[in-house]
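Asker: Provided below are the primary sequence and the corresponding predicted coordinates.
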Amino acid sequence: MALLALFDLSLVGRADRPALEFEDADGGRLAWTFGDLERRSNQVAHALRARGVGAGDRVAFQLANSPAIVLLWLAAAKLGVVLVPINVLYKGREVRHVVADAEPMAVVTTPADAAHLPEGAVAWMADALLDEAAAHPDTRPVVDAAHAPTAASPMALVYTSGTTGASKGAVLTHGTFAANALALVTAWGITEGDRYLAALPLFHVHGLGNGLHVWLASGCHMRLVTRFEHERAPGWFLDYRPTLFFGVPTMYVRLLEVPADQARAIGDALRLCVSGSAPLPAAVLEAFHARYGQVILERYGMTETLMIASNPLVGERRPGTVGVPLPMTAVSIRDDAGAPVPPGTSGELWVRGPHVCDGYWRRPDATAAAFVDGWFRTGDVGVQAPDGYLTLEGRRSDLIIAGGFNIYPREIEELLGAVPGVREAAVVGAPDALRGEVPVAYVVADATVADDALLAAVRAELASFKVPRAVVRVDALPRNAMGKVQRHLLPPWSPPGAP
């Protein structure tokens with residue numbers, strides 16, 4: 001199924017129903033029906049076509065949450081355009097790589113973020129594009145059958161870094177996204193009567209492939225906020241009274257600071273809180289239940305596969321697990337030779353289903369390494385209980401997940417290693433009560449190299465969440481006989497003042 005057929009259940013079938021509200025920077029509140037979304041996205045589609053964009057062309061965007069992303073996404077689905085989301089926190093080096101690899105016709109952005117684009121990249125200002133779109137017809141553009149998107153058509157290139165090289169673009173098709181949305185709407189019982197508070201970033205598949213798509217597929221109402229702000233969040237919940245909230249563990253940690261009376265009122269309206277993108281500590285799940293009267297539903301997914309498993313809507317939400325495989329999903333735990341292991345035995349988690357990506361953009365080598373006989377190798381180590389519940393035990397890679405964002409040590413290590421006086425550098429994740437993990441840099445360097453200079457080198461090129469929390473000086477990095485750094489032998493780090 002192409003995504004538009006799924007979206008039309010709301011864009012056309014629920015045209016008169018309230019769909020979206022958004023508070024702009026000036027405090028004004030936008031409120032649109034699904035019919036408004038249909039007409040406005042048609043105008044954006046015409047504007048894109050007038051700028052020479054057609055089926056199969058790639059267009060990137062680097063934008064904070066706003067209705068502009070929603071309209072751009074719908075317009076692309078109608079034209080068969082392939083979108084390339086870019087993290088709004090990315091800076092020069094990160095943006096340059098995505099743009100150079102994806103080669104989009106243009107990047108829809110803001111004047112501030114346009115400064116991070118590489119020389120020669122075409123920047124389209126989002127506000128100017130929307131202003132231009134307002135002058136175009138609001139009827140749906142006609143796309144001939146030869147160019148109309150199908151389930152196999154790419155919808156997005158979403159970049160996910162690897163530990164041994166530059167970030168790769170996962171090719172996510174219309175069918176990939178549609179299968180994921182249908183599975184989640186079914187498994188989580190989402191209906192047009194729900195109210196969804198959307199605080200996850202729309203450049204990430206958690207907010208985009210889960211949140212945005214279940215909203216459009218189900219026809220529920222959505223309040224979109226620019227970003228999660230823990231100081232304002234209680235007011236949002238009490239005013240909007242959402243029934244649905246999707247978040248990352250960091251958000252739930254912050255919500256534990258809400259006064260008990262407000263928390264109970266918020267919990268009375270909620271029916272489903274979902275957590276993903278990083279492991280949820282059992283203590284947070286228990287504290288949230290005590291404070292809000294809601295048991296957070298933990299689930300598991302990846303950029304390349306979208307959602308894989310979820311604790312059940314009805315049934316046991318088992319702390320420390322990510323639940324059972326979702327509809328249309330096959331999961332297998334394999335040993336190092338690729339053979340299935342018995343229940344209760346640890347191994348690498350392999351997955352297969354219509355929600356898995358088509359491979360990596362222009363990376364046949366990486367695609368061949370990740371797929372075996374139709375199975376995708378996640379690189380995550382886990383165990384499956386006899387009753388199907390999955391528990392993740394670690395990652396084969398050195399991935400660090402801080403507040404739901406992926407951090408791969410190599411790109412930080414390369415920057416640190418380029419600083420004069422640094423001989424070696426290794427970056428690992430350290431436990432953090434708020435963000436789950438934070439990066440810590442271990443360096444072998446001359447005494448003349450200041451810690452502030454090392455951190456500044458990273459801060460100048462990478463997103464703020466990738467800047468190491470601390471620099472630890474060591475005489476040498478522990479290595480095995482083959483010269484590989486043994487990260488687990490590095491001395492443990494804890495923040496100043498920790499017990």
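Answerer: Sure, I can see it. Residues are numbered from 1 along each chain as shown.
Asker: what comes up buried for stretch 365-385?
Answerer: Residues 366-367, 370-371, 375-380, 382-384 are the ones in stretch 365-385 that count as buried (16 or more other CB atoms under 10 Å). The C-beta positions use only the backbone N, C-alpha and C, and glycine is treated the same way.
Asker: what segments of the stretch 151-300 of the chain are strands?
Answerer: In the stretch 151-300 of the chain, the segments counted as strands under DSSP state E, counting those that start in this stretch are 154-162, 165-173, 195-198, 221-224, 244-247, 272-275, 297-302.
Asker: find the nearest non-adjacent residue to residue 182, please.
Answerer: residue 217 (6.9 Å; CB to CB, 6 or more residues apart in numbering).
Asker: quick one: residue 77 is in a strand?
Answerer: No: according to DSSP: H, G, I helix; E, B strand; the rest coil, residue 77 belongs to no strand; its state is helix.
Asker: ok, it touching residue 174?
Answerer: Yes: Residue 77 is within contact range of residue 174, at 7.3 Å (criterion: CB atoms under 8 Å).
Asker: mind listing the shared neighbours of those two?
Answerer: Common contacts of residue 77 and residue 174, defined by CB atoms under 8 Å, 6 or more residues apart in numbering, comprise 2, 3, 149, 155.
Asker: tell me the confidence at the first one?
Answerer: So that's residue 2. Listed pLDDT for residue 2 reads 91.
Asker: give me the domain ranges for the protein.
Answerer: 3-380, 400-489 (automatic domain parsing).
Asker: can you add mean neighbour count and give the strands of the stretch 151-300 of the chain back as a markdown table?
Answerer: Below are these laid out as a markdown table (neighbours: other CB atoms under 10 Å):
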| stretch | mean neighbour count |
| --- | --- |
| strand 154-162 | 22 |
| strand 165-173 | 21 |
| strand 195-198 | 22 |
| strand 221-224 | 23 |
| strand 244-247 | 25 |
| strand 272-275 | 23 |
| strand 297-302 | 24 |
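Asker: next SSE after the lengthiest helix in the chain?
Answerer: For the chain, the longest helix by residue count, based on DSSP state H, is helix 34-50. Counting by DSSP states H and E, the element after helix 34-50 in chain order, helix or strand, is strand 58-61.
Asker: which other helices and strands contact that next one?
Answerer: Counting by 3 or more CB pairs under 8 Å, 6 or more residues apart in numbering; DSSP states H and E, the packing neighbours recorded for strand 58-61 are helix 67-79, strand 82-85, helix 92-102, strand 106-109.
Asker: just the residues contacting that strand, thanks.
Answerer: Contact with strand 58-61 is made by 48, 53, 69, 72, 76, 81-86, 98-99, 102-109, 126, 157, 203, as judged by CB under 8 Å, 6+ apart.
Asker: what's the helix or strand for residue 491?
Answerer: Applying DSSP H and E, one finds residue 491 in no helix or strand.
Asker: what sits against it?
Answerer: 472, 474 are the contacts of residue 491 under CB under 8 Å, 6+ apart.
Asker: please apply the same query to residue 420.
Answerer: Residue 420 touches residue 449, counting by CB under 8 Å, 6+ apart.
Asker: residues contacting the residue nearest to the spatial centre of the chain?
Answerer: When CA atoms, centre = their mean is applied to the chain, the residue found nearest the centroid is residue 204 (2.8 Å). Each residue near residue 204 by CB under 8 Å, 6+ apart is listed here: 85, 87, 277, 404.
Asker: and for residue 335?
Answerer: 341, 347, 348.
Asker: what pLDDT does it get?
Answerer: Reported pLDDT at residue 335 in the predicted model: 94.
Asker: can you list the low-confidence ranges for the protein?
Answerer: By pLDDT under 70, the low-scoring segments of the chain are 25, 161-166, 394-395, 397, 480-484, 497-499.
Asker: what is the nearest of the contacts of residue 204 to residue 423?
Answerer: residue 87 (30.9 Å; CB to CB).
Asker: sorry, back to before: tell me how far the longest helix of the chain lies from the chain's centre.
Answerer: Distance of helix 34-50 from the chain centroid (CA atoms, centre = their mean, to the nearest Å) equals 25 Å.
Asker: what's in contact with that helix?
Answerer: So helix 34-50 is contacted by 10-12, 14-17, 19-20, 32, 59, 70-72, 74-76, 78-79, 81, 129-130, 132-134, 136-141, 219 (CB under 8 Å, 6+ apart).
Asker: in it, what counts as buried?
Answerer: Residues of helix 34-50 classed as buried under the neighbour-count rule (16+ other CB under 10 Å) are 34-49.
Asker: what of stretch 84-103?
Answerer: 84-91, 93-99, 101-102.
Asker: list the contacts for residue 13?
Answerer: Here residue 13 is in contact with residue 219 (criterion: CB under 8 Å, 6+ apart).
Asker: repeat that for 10 Å
Answerer: 7, 34, 192, 219 (CB atoms under 10 Å, 6 or more residues apart in numbering).
Asker: measure the residue nearest to the second one when sequence neighbours are not counted to residue 198 for me?
Answerer: Put plainly, it is residue 34. Once flanking residues are discounted, residue 34 sits nearest to residue 19: 4.3 Å by CB to CB, 6+ apart. In this view, residue 19 and residue 198 are 12 Å apart by CB to CB, to the nearest Å.
Asker: name the residues contacting each of those two.
Answerer: Both residue 19 and residue 198 are in contact with 70, 215, 222, where contact means CB under 10 Å, 6+ apart.
Asker: from memory the first one sits against residue 130, does it?
Answerer: Right, residue 70. No: Residue 70 lies out of contact with residue 130 (CB atoms under 10 Å); the separation is 11.4 Å.
Asker: the two: which has the busier surroundings?
Answerer: Per other CB atoms under 10 Å, whichever of residue 70 and residue 130 has more neighbours is residue 70, with 26 against 19.
Asker: and for the nearest residue to residue 269 once chain neighbours are set aside, the neighbour number?
Answerer: Using CB to CB, 6+ apart and skipping the chain neighbours, the partner closest in space to residue 269 is residue 241 (4.1 Å). Counted with other CB under 10 Å, residues neighbouring residue 241 total 15.
Asker: thought residue 241 was touching residue 196?
Answerer: No: using CB under 10 Å, residue 241 is not in contact with residue 196; the gap is 11.6 Å.
Asker: which neighbours do the two share?
Answerer: Contacts common to residue 241 and residue 196, judged by CB under 10 Å, 6+ apart, are residue 223.
Asker: now, of the contacts of helix 34-50, which are buried?
Answerer: Going by neighbour count (16+ other CB under 10 Å), the contacts of helix 34-50 have 10-11, 14-15, 19-20, 32, 59, 70-72, 74-76, 78-79, 81, 129-130, 132-133, 136, 140, 219 buried.
Asker: now do the contacts for the nearest residue to residue 436 once chain neighbours are set aside.
Answerer: Among residues not flanking residue 436 along the chain, residue 278 sits closest, at 4.6 Å (CB to CB, 6+ apart). Counting by CB under 10 Å, 6+ apart, residue 278 touches 248-250, 400-406, 435-437.
Asker: can you rerun that using 8 Å?
Answerer: Taking CB under 8 Å, 6+ apart as the contact definition, residue 278 lies against 248, 249, 250, 401, 402, 403, 404, 436, 437.
Asker: distance of it relative to residue 285?
Answerer: 13 Å.
Asker: so how far is residue 202 from residue 276?
Answerer: For residue 276 relative to residue 202 (CB to CB), the value is 15 Å.
Asker: I misspoke; the intended subject was residue 155.
Answerer: With CB to CB as the criterion, residue 155 and residue 202 are 14 Å apart.
Asker: then residue 189?
Answerer: Counting by CB to CB, the gap from residue 189 to residue 202 is 23 Å.
Asker: the more surrounded of the two?
Answerer: Neighbours per residue, other CB under 10 Å: of residue 189 and residue 202, the larger number sits with residue 202, 25 against 13.
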